[in-house]
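Asker: need a structure here:
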Amino acid sequence: MPEEPKAPRELVVRNRRDSIPMDLLFRGDTAELPKTSKPPESPESPEVSHGVPESVRPSAGAPPRPDREVVERRGRASSGWWAVSAALLALAGAGWIVWADGVLPGAVTEFLRLPAPPHPRHGLDAARWAALGGCGMVALLALGGLTRGRVGSAWTLSLFGRYRGSVRRTGLLWISPLVLRERVDVRLRHWRSEPMPAVDAEGVALRVVVLVVWQVKDTARALLAVDDHTAYLREQVEAATVRVVSRLPADSFRDPADGGGDGDVPTLRDVEAVGDALTRALAAECRAVGIEVFSARPTRVEYAPEVAAAMQRRRIAAIDAKHRDSVLTSVLDAVDDTVRRLTERGLVALDDYERKALVKDLTVAFYTARGNAVDTH
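Answerer: Numbering: from 1, shown residues only. Coordinates of the predicted model:
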């Protein structure tokens, strides 16, 4: 049988997902591409965005990203000894030009014991004046940029109002004389506040003194993010102290009959807990201006003068009530133990009336004895 003619092989262009016939690429009509079972991926798909995580990719309606935040970066500075060498070479070159042209005064030549120039010109032409001016500019730039880097301080550089970096190197340095330099203290520092007014959780007026240990961590933020970072720190200390102190009472005066006492309620007398809370609050507020707060501890928490006398009397009354409660508890325990032992050993046989009388007499006797013993001590 004659073989059936083979169908012409269709030329196609294949990619990973679609197959496009070659003849469709050169057709003049607007024929539709063959439909595929999977729609084309959106620009936000992971393959199109080259593996960028979805949380990082900007959304379609996201606002433009803000300018880069000003943070501390390393500024340009070099060793000052190179600048000194360059200045000496420039001055030596200028002196040689003046000496070679015979312009140097004779008195100076004799004082320095210099030989006479071999070909004196007794004047400077334009080229020599340009060379002399170049040597002077090099010496001026080299000597004008010399500065000293000290331990515990940093130079912050700016040019035409733009931050150019910070230099924390020490020793003899050369920094471009065209930039504006400002020194920042980056040592570990401490500051003790004045008595600050505050109120506790019960609305009682207080006076609080706080000791803060801090350091400038980011010099760019400390100078550019706020007008005065030390004044900002003082104001934030006052604000954080008022906010933290207002959460707890200064003292607990709960009645012992209600089952409470000073140890059952957290108060401002717990300096460790109050200091930790104050340090966290202050560190969060000062991080934006480049200040690192290591610790903020209340060194003194006392009542305001107008309420100090009344609160002192209340404190004494609470202590006295607590003492009386403890004495009464110990007396009752002693009476109970005495009556129980007398009854168990058969020393006495008591009815209810006699038991009550014995308990009353023992209570008065023990309480009087405890009171006299306390007064004696």
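Asker: For residue 269, which residues are in contact?
Answerer: 250-251, 301 (Cβ atoms under 8 Å, 6 or more residues apart in numbering). Backbone N, C-alpha and C define where each C-beta goes, glycine included.
Asker: so which of the residues you listed comes closest to residue 331?
Answerer: residue 251 (27.4 Å; Cβ to Cβ).
Asker: Provide the secondary structure category for that closest one.
Answerer: Classification of residue 251 using DSSP: H, G, I helix; E, B strand; the rest coil returns coil.
Asker: what's the helix or strand for residue 94?
Answerer: Assigned by DSSP states H and E, residue 94 belongs to helix 80-100.
Asker: about what we covered before: what's the lowest-pLDDT member of the contacts of residue 269?
Answerer: Within the contacts of residue 269, pLDDT reaches its minimum at residue 251, with 80.
Asker: Could you check how many residues crowd around that one?
Answerer: Close neighbours of residue 251, defined as other Cβ atoms under 10 Å, add up to 20.
Asker: so it touches residue 267, yeah?
Answerer: Yes. Using Cβ atoms under 8 Å, residue 251 makes contact with residue 267 at a distance of 5.7 Å.
Asker: re the thing from before, I'd like the contacts of residue 269 as a markdown table, with distance to residue 341 appended.
Answerer: As requested, these are exported to a markdown table (distance: Cβ to Cβ, whole Å):
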| residue | distance to residue 341 |
| --- | --- |
| 250 | 46 |
| 251 | 41 |
| 301 | 49 |
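Asker: Could you pull out the helices in the chain for me?
Answerer: Under the criterion DSSP state H, helices of the chain are mapped to 22-25, 80-100, 106-112, 126-144, 219-224, 229-245, 271-286, 305-344, 352-376.
Asker: just for this protein, where's the confidence low?
Answerer: Low-confidence segments of the chain, defined by pLDDT under 70: 1-69, 101-124, 253-265, 308, 311, 314, 316-324, 370-377.
Asker: at 50 instead, please
Answerer: 1-3, 7-8, 10, 12-13, 15-17, 22-67, 256-263, 377 (pLDDT under 50).
Asker: helices and strands around the helix holding residue 94, which ones?
Answerer: For helix 80-100, the elements it packs on are helix 126-144, strand 146-149, strand 171-174, judged by 3 or more Cβ pairs under 8 Å, 6 or more residues apart in numbering; DSSP states H and E.
Asker: what angle do it and helix 126-144 make?
Answerer: Inter-element angle recorded for helix 80-100 and helix 126-144: 150 degrees (by axes from the mean of the first three to the mean of the last three Cα atoms, to 10 degrees).
Asker: Give me the buried positions along helix 80-100.
Answerer: By neighbour count with 16 or more other Cβ atoms under 10 Å, helix 80-100 contains the buried residues 80, 83, 86-87, 90-91, 93-95, 97-99.
Asker: Perfect, that will be all.
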